[in-house]
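Peer 1: Build me a model:
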Amino acid sequence: MTFAYPRCPFREVTHAVARRAPFLRRLAVILWPSARRVEHVQLTSAGITARGLFGGVEMRWAEIAAALPGRTPSGRRRLVVRTRDGRRLEVASTLPGFDRLCADLARRIPA
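Peer 2: Below you'll find the predicted structure:
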């Protein structure tokens, strides 16, 4: 099952620039909080694969310690997925299918 934002020319240009100048990707993550969020999440039988401006991450179901819904400091809804080794993935509620993603993860990951 895949959850992703619709195509956006601005996002595509941003990713193209980040591919050509990887240091800008790291700088964007530091200076632009939304660059840390994922733009594409795929749930498979093996786990979660996610991509964003920060790059990509794969998490196997057995590695995931928690999937915690919460709020940002500004009050927006989000989902934070953490692995046992400390990696984390932040999903904004603006991602299409966010509520379904939260429900699917709640069924797969014991609290």
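
Peer 1: contacts and neighbour counts: CA atoms only from here.
Peer 2: Fine.

Peer 1: Which stretches in this structure count as strands?
Peer 2: 2-4, 40-43, 47-52, 55-60, 64-71, 77-83, 88-92 (DSSP state E).

Peer 1: do you know which of these lies nearest residue 18?
Peer 2: strand 55-60 (9.4 Å; CA to CA).

Peer 1: Which of the helices and strands in the protein ranks last by mean pLDDT?
Peer 2: Across the helices and strands of the chain, mean pLDDT, DSSP states H and E gives its lowest value to helix 22-31, namely a mean of 66.

Peer 1: what bits of this structure have low per-residue confidence?
Peer 2: The model of the chain has pLDDT under 70 over residues 11-12, 15, 24-36, 110-111.

Peer 1: run the last query once more with 80
Peer 2: Within the chain, the ranges that satisfy pLDDT under 80 run 8-37, 53-55, 110-111.

Peer 1: most centrally placed residue in it?
Peer 2: Centroid-nearest residue in the chain, with CA atoms, centre = their mean: residue 38, separated by 3.0 Å.

Peer 1: circling back to that earlier point, just the strands of the chain: most buried one?
Peer 2: strand 88-92 (a mean of 20; mean count of other CA atoms under 10 Å).

Peer 1: Just checking the distance from that one to the centre of its chain.
Peer 2: 4 Å (CA atoms, centre = their mean, to the nearest Å).
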